[in-house]
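Asker: Give me a 3D structure for the following:
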Amino acid sequence: MTAPFTPISRRAITGAIAAACAALALGGNALAADWPEKTVTLVVPYSAGGPTDVVARLLAVPMGQSLGQTVVVENTVGAGGTLAPARIVRSKPDGYTILIHHMGMATAPALYKKLPYDPLKDFEYIGQVLDVPMTLLSRKDFPANTFPELLDYVKKNQDKVSLANAGIGAVSQLCGMLFMHQLGVKLTTVPYKGAGPAMNDLMGGQVDLLCDQTTQTAPVIQDGKRVKVFGVTTPQRLSSMPNIPTLDEQGLKGFDVKVWHGMYAAKGTPKDVMAKLNKALNVAIKDENVKKRIAELSADLVSPDKATPEGLRKHLEAEVARWDKVIKAAGVSAE
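Answerer: So this is what the prediction gives:
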C-alpha cells in the first residue's frame, strides 16, 4: 500500500528554512572565529630587498603574532607591479592571501591602458601602512656636487645622463618622470627589475641618477661613501636627515612625491576576517621594533585613523584622481 500523503504547512517549511539558515550562520561564525587556521601570505609586487619588501618583512612578524599564525612574504614581480594585485583579484576571498602595495595602486589606472583590475572596485581595504619620502641620488663620481650644478649639467647633457628606476610603474620611475617633466628634459632612462639592482648599479657607477624611497636610500646616504644626495622630494626636510635640503626649496617648486603604502585583500573577504587583518595591521604599526626600524629608514607610520579600511579607501580615491591628471599631463604611459 502507498503511504498516506501528509501535507506540510507553510509555517513548517518556513521554520525549517529559518533553522537551516541559522545553522549556516552559526557555522560561518564558527569558521570566522577559528580564522586563521593556516599560514597567511603577504604578497609584495616588487623584488626582495626593495623598499616595499623591507616594509612587508618588518610588518609580517608582529602581524603573525597577532593572528596566531605565520605571515610569509612572497614576491610576485612583473608588469610594473601589476601582477601582484591581479593575483589577489584571482585568489579565493578568504584572507589567506593579502597584498601590500605602494602608490602604484593609484597610478596604474592612468599608466596602463589595459589593467586587469580596478583598484577602486576589486579589493577589500585593510588599511594604510606608512608614508615614505624619496631622495634624488647620483653615483659618487658624478660631475655635479650641488643641485644647481646638477640642473645645469642635466640640461646641457640630457640624453647622455642615465636615470635608473626599479622598473616600469615603480615609484622611482614616476619620480624620475616628474623630475624630467618639470625640468623639460629627456634623460636616458634605465629600468631594472627592482630597486635593489638599480641601487647596486648606481653605487657601482654604471648609472648616473636614481630617485628612490628612503627605505632603500637612507642607509646608503648615512654611509656617506657610495653616493651623492641632492635633495628630498617632500616639501619639508626630514627630521632624520635635517641637513639635506628639499628639491622644492632649491628651486623645483611644487615638487612633492611621498610614497604611501596600503594593505588589501580580495573582494568578498568576510568582514570578520577583515576585522582580524585590520587589528593585526594596527598591532604591527604600534610594535616598538617596527617603529624603531621605520624611523631609521626615515619613513612615517600612519596614525590609527588612517590604518582603517575607510582611511585607505578615501586616500586611494583621492590619489587615483590626483595622479590621473599628473600622468596625462606628462603624456606618458607604461605601454
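Asker: So which residues of the chain form strands?
Answerer: For the chain, strands defined by DSSP state E occupy the ranges 40-44, 71-75, 97-101, 123-139, 162-165, 188-191, 209-213, 227-232, 258-266, 300-301.
Asker: Lowest mean pLDDT across those, which one is that?
Answerer: The minimum mean pLDDT among those belongs to strand 300-301 (a mean of 90).
Asker: Using a markdown table, lay out the strands of the chain together with mean neighbour count.
Answerer: (Glycine included, C-beta is placed from N, CA and C.) Formatted as a markdown table, the strands of the chain follow (neighbours: other Cβ atoms under 10 Å):
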| stretch | mean neighbour count |
| --- | --- |
| strand 40-44 | 21 |
| strand 71-75 | 17 |
| strand 97-101 | 24 |
| strand 123-139 | 25 |
| strand 162-165 | 24 |
| strand 188-191 | 16 |
| strand 209-213 | 28 |
| strand 227-232 | 22 |
| strand 258-266 | 24 |
| strand 300-301 | 20 |
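Asker: and residue 262, what does it touch?
Answerer: Listed by Cβ atoms under 8 Å, 6 or more residues apart in numbering, the contact partners of residue 262 are 100, 101, 102, 105, 125, 126, 127, 128, 129, 312, 315, 316.
Asker: Mind picking the one among those that's closest to residue 259?
Answerer: The shortest approach to residue 259 among those belongs to residue 102, at 5.1 Å (Cβ to Cβ).
Asker: Return the distance of residue 82 relative to residue 173.
Answerer: As judged by Cβ to Cβ, to the nearest Å, residue 82 and residue 173 stand 13 Å apart.
Asker: okay, those two: which has more neighbours?
Answerer: More neighbours surround residue 173 than the other of residue 82 and residue 173, with 27 against 24 (other Cβ atoms under 10 Å).
Asker: Can you tell me the closest non-neighbouring residue to that one?
Answerer: In space, and not counting its chain neighbours, residue 173 is closest to residue 165: 3.9 Å by Cβ to Cβ, 6 or more residues apart in numbering.
Asker: if I read this right, that neighbour contacts residue 178, doesn't it?
Answerer: No: if you go by Cβ atoms under 8 Å, residue 165 and residue 178 don't touch, sitting 11.8 Å apart.
Asker: For the stretch 1-150 of the chain, which residues score under the pLDDT cut-off?
Answerer: Applying pLDDT under 70 to the stretch 1-150 of the chain picks out residues 1-32.
Asker: how about the helices in it?
Answerer: Using DSSP state H, counting those that start in this stretch, the helices of the stretch 1-150 of the chain run over residues 10-34, 51-67, 83-90, 104-111, 147-157.
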